[in-house]
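1. Can you look at this prediction? I've put the sequence above it.
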Amino acid sequence: MLTRLRGSVNVLYREMVKFGAVGALAFVVDIGVFNLLRVGGHGGLDDKPLTAKTISVFVATVVAWLGNRYWTFRHRRRASARREFVLFVVMNVGGLVISLACLGFSHYVLQLTSALADNIAGNVVGLGLGTLFRFWAYKQFVFTEELAEDPDPALHVDAEPAPAPAEPTAPAEPPAPARAVTPPGSAGSSPARVRSTPAGAARSL
């Protein structure tokens with residue numbers, strides 16, 4: 001039981017580390033593509049920041065999906081890549097809604113309207129809660145199918161290791177039949193006859 005628990009914790013730790021690495025890469029791609037389109041003079045989007053942001057978010061989403069499908073959750077990916085990608089996008093939208101909800105609550109309900117407050121609410125609290133939601137949602141709804149052949153056996157802890165087969169043992173030999181011991185000189189003689197003498201009939205000479 002303890003070994004199984006340790007294995008599950010190890011799997012969760014590895015998935016979280018890989019998930020964080022993929023998320024960091026997707027974030028860099030998002031920022032890079034946005035700035036490349038917005039201020040780099042490529043694609044004619046210098047005056048269209050919303051279009052540039054939409055494109056950068058889409059590219060970052062594809063990068064995040066590929067990284068999670070073929071690395072983070074590669075032992076749980078679906079057979080249908082199209083269905084998996086659609087579910088992935090839906091869960092990302094859910095994470096975005098959480099971030100926007102945190103920002104809106106802070107800005108309009110709590111009346112914390114400074115730039116610092118908006119960044120804390122949207123990019124710290126909202127982003128953190130949204131990331132936790134996406135990690136949970138990916139495991140519950142997106143990457144849910146165990147592969148028949150696990151490409152990473154270290155991440156598979158569902159089954160207990162099978163005990164090693166016992167070595168076959170040779171069957172015990174049957175004991176040898178007991179041999180009758182014949183006194184010397186009596187070989188070939190017929191079995192002795194036993195005569196019974198009535199009690200008290202024996203006389204001493």
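-> Arrived safely, thanks for sending.

2. Next up, the contacts around Ala59.
-> Just so we're on the same page, residue 59 is Val rather than Ala. Val29, Asp30, Val33 (C-beta atoms under 8 Å, 6 or more residues apart in numbering). In short, each C-beta sits where N, CA and C put it, glycine included.

3. Quick one: name whatever helix or strand follows the host helix or strand of it.
-> Using DSSP states H and E, Val59 sits in helix 49-67. Sequence order places helix 81-104 as the next helix or strand after helix 49-67, per DSSP H and E.

4. Quick one: list the elements packing against the biggest helix by length in the chain.
-> In the chain, taking DSSP state H as the definition, the longest helix is helix 2-38. Here helix 2-38 touches helix 49-67, helix 127-137, going by 3 or more C-beta pairs under 8 Å, 6 or more residues apart in numbering; DSSP states H and E.

5. I'd like to know which elements the last one is packed against.
-> I take that to be helix 127-137. helix 2-38, helix 81-104.

6. Show residues contacting the helix or strand that comes right after the shortest one.
-> Yep, that's helix 81-104 we're talking about. Counting by DSSP H and E, the next helix or strand C-terminal to helix 81-104 is helix 115-119. Residues outside helix 115-119 that contact it (C-beta under 8 Å, 6+ apart) are Leu103, Ser106, His107, Leu112.

7. Check stretch 120-138 too.
-> 15-16, 19, 23, 68, 73, 88, 91-92, 94-96, 98-103, 105-107, 112.

8. just to revisit the earlier point, filter the contacts of Val59 down to the buried ones and hand me the ChimeraX line.
-> Only the buried entries of those go into this ChimeraX selection, using 16 or more other C-beta atoms under 10 Å:
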select :29,30,33
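
9. The contacts of Val59 into CSV, with extra columns for pLDDT and distance to Val124?
-> Below are the contacts of Val59 laid out as CSV (pLDDT from 0 to 100; distance: C-beta to C-beta, whole Å):
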residue, pLDDT, distance to Val124
Val29, 91, 21
Asp30, 87, 17
Val33, 86, 23
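
10. From the contacts of Val59, pick the one nearest Glu84.
-> Closest approach to Glu84 among the contacts of Val59 (C-beta to C-beta): Val29, at 19.7 Å.

11. Isn't the closest one up against Ala60?
-> Yes: applying C-beta atoms under 8 Å as the test, Val29 and Ala60 come out as touching, 4.7 Å apart.

12. hang on, the earlier thing: just the buried residues of the longest helix of the chain, please?
-> In helix 2-38, counting by 16+ other C-beta under 10 Å, buried: 7, 11, 15, 18-19, 22-23, 26, 29-30, 33-34, 36-38.

13. got the angle between it and helix 81-104?
-> 80 degrees (axes from the mean of the first three to the mean of the last three C-alpha atoms, to 10 degrees).

14. could you give the angle of helix 2-38 to helix 49-67?
-> Using the same axes, to 10 degrees: helix 2-38 against helix 49-67 is 150 degrees.

15. can I see the domain layout of this structure?
-> 1-75, 78-146 (automatic domain parsing).

16. Return the member of these having the minimum mean pLDDT.
-> For the domains of the chain, the weakest mean pLDDT is recorded on domain 1-75, namely a mean of 83.
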